[in-house]
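[1] what would the 3D arrangement of this be:
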Amino acid sequence: MRKRFYGKAAAGILTLLITATACSSGKDAPAAAATDKPSGGKLVVTSFGGAIEETQRAYIKQFEEEYNAEVEVVTLYSADALAKIRAEKNNQTIDVVLFSGGQEQIAAKEDLIMKLDPEQMENLDQLYPEARSADGYGPTFGYEALGMIYNRDAIPTPPVSWNDLWKEEYKGQVGLVDISNTYGNQFLVALAKMNGGGEDNIQPGLDAIKTLLPNAAAIVKSSPEVGNLFAQDEAVIAPFDSGYAYTFGKQGIPINFAIPKEGAVGIYITAQVVKGSPNPELARKYIDFLLRPEIQKLTAEGGGYSPTNSQTELSDDLKGILPNGEDTFNGLIHLDLAQVNNNKADWMEKWSKLISQ
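    Residues are numbered from 1 along each chain as shown. Below is the predicted model of the structure:
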């Protein structure tokens, strides 16, 4: 292919001719639409890995085609992602960061993420109001809940209360998760709240765990190990995450999820534009893309994230496993994650002493 080169003067004349032609033809609508979407560029986004990343990489292909973009996925858990954008504050390489543990609160205070203009977001107003950031940062595009997962073959009647974990019939069959794991940590706080304590007084939760230990099948640290307990019939019930209940189910384990009457703990997945992003406009479009009903449906089907867009339609089978609907979303227990993060080291020390007895 032969390339043509123009001098500055010729280029200027060419620009004027193109502009004049567009205006005289009356076909200015396509031009306006073109300016509304970024015309290409590269984007670096984070992911948590596993099934959700596989789903993410699939729908990213659609985003790349639609926006003539190139998207690179970097696997980083929330704490690691926060550490990276903190270290790169003056030279960011990440455009969009996903958080699941409330790290967006820290990132906002440290001026590491950007607020979004709602007027430039096509899908933001379809979200549940509580899923939108009150401070104008990135929204909650998906969520999970910490409740009870159980083997539906072994427990045909769904559990209804956290107190069911202490039933004599489950002695030696309750899967517990170490509090170094987010879900184990959140369960400890939930128990503290049930027993008169909370983020500022964790001892009631530790006391409750002490009485639950005789029912424990094992205390594991990683999320896949919880699935192994069920796959090997060592556990029939556990305080754990709704998204993993769905994932384990896809692996052939007969698991269902139940929200206890005392309330399930909300786990909120947010998407944020990193301040200093090399391509903030395309980053904003990517977040808006995540909010589309059809993309949220894919995220639910592939990764087990419950949708926050009120227009998203889930299958009946999926509704039977994943928490869904605005009332359910609004009814989740919000933890003070700043206190949780500040107190975690002290809790870990007390936890270690408890489970080593």
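
[2] which residue ranges of this protein form strands?
    Counting by DSSP state E, the chain has strands at residues 41-47, 69-75, 96-99, 140-151, 174-177, 216-220, 237-241, 255-258, 265-273, 306-307.

[3] hey, where'd the helices end up in the stretch 51-200 of the chain?
    In the stretch 51-200 of the chain, the segments counted as helices under DSSP state H, counting those that start in this stretch are 78-87, 103-109, 182-194.

[4] hmm, back to that, can you put the strands of the chain in CSV and add mean pLDDT and distance to residue 313?
    Just so you know, the C-beta spots here come from the backbone N, C-alpha and C atoms, and that holds for glycine as well. What follows is the strands of the chain, written out as CSV (pLDDT from 0 to 100; distance: least, C-beta to C-beta, whole Å):
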stretch, mean pLDDT, distance to residue 313
strand 41-47, 97, 25
strand 69-75, 97, 26
strand 96-99, 97, 24
strand 140-151, 97, 15
strand 174-177, 97, 32
strand 216-220, 97, 35
strand 237-241, 97, 23
strand 255-258, 94, 20
strand 265-273, 97, 20
strand 306-307, 98, 9
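
[5] any low-confidence regions in the stretch 1-150 of the chain?
    Applying pLDDT under 70 to the stretch 1-150 of the chain picks out residues 1-39.

[6] now residue 165: closest residue in space, sequence neighbours ignored.
    residue 174 (5.4 Å; C-beta to C-beta, 6 or more residues apart in numbering).

[7] beta partners for that neighbour?
    In this entry, residue 174 is beta-bridged to residue 216, residue 237, by DSSP bridges.

[8] dump the residue contacts of it.
    Residues in contact with residue 174 (C-beta atoms under 8 Å, 6 or more residues apart in numbering) are 165, 212, 215, 216, 217, 235, 237, 238.

[9] just the CA atoms of stretch 91-109, as PDB, please.
    Extracted in PDB, the C-alpha atoms of stretch 91-109 (Å, rounded to 0.1, in the frame of the first residue of the first chain):
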ATOM      1  CA  ASN A  91       3.000   7.200  37.000                       C
ATOM      2  CA  GLN A  92      -0.100   5.000  36.800                       C
ATOM      3  CA  THR A  93      -0.100   1.900  34.500                       C
ATOM      4  CA  ILE A  94      -3.700   0.800  35.500                       C
ATOM      5  CA  ASP A  95      -6.800   2.500  34.200                       C
ATOM      6  CA  VAL A  96      -9.600   0.600  35.900                       C
ATOM      7  CA  VAL A  97      -9.300  -1.100  39.200                       C
ATOM      8  CA  LEU A  98     -11.700  -3.500  40.800                       C
ATOM      9  CA  PHE A  99     -12.200  -3.600  44.600                       C
ATOM     10  CA  SER A 100     -14.200  -6.100  46.700                       C
ATOM     11  CA  GLY A 101     -13.200  -5.200  50.300                       C
ATOM     12  CA  GLY A 102     -14.000  -1.500  50.600                       C
ATOM     13  CA  GLN A 103     -10.500  -0.400  49.400                       C
ATOM     14  CA  GLU A 104     -12.200   2.300  47.300                       C
ATOM     15  CA  GLN A 105     -12.700   4.200  50.600                       C
ATOM     16  CA  ILE A 106      -9.000   4.300  51.200                       C
ATOM     17  CA  ALA A 107      -8.200   5.000  47.600                       C
ATOM     18  CA  ALA A 108     -10.600   8.000  47.600                       C
ATOM     19  CA  LYS A 109      -9.000   9.400  50.700                       C
END
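
[10] can you give me the buried ones in it?
    92, 94-108 (16 or more other C-beta atoms under 10 Å).

[11] for stretch 255-266, same thing?
    Neighbour counts using 16+ other C-beta under 10 Å place 255, 256, 257, 258, 259, 260, 263, 264, 265, 266 of stretch 255-266 among the buried residues.
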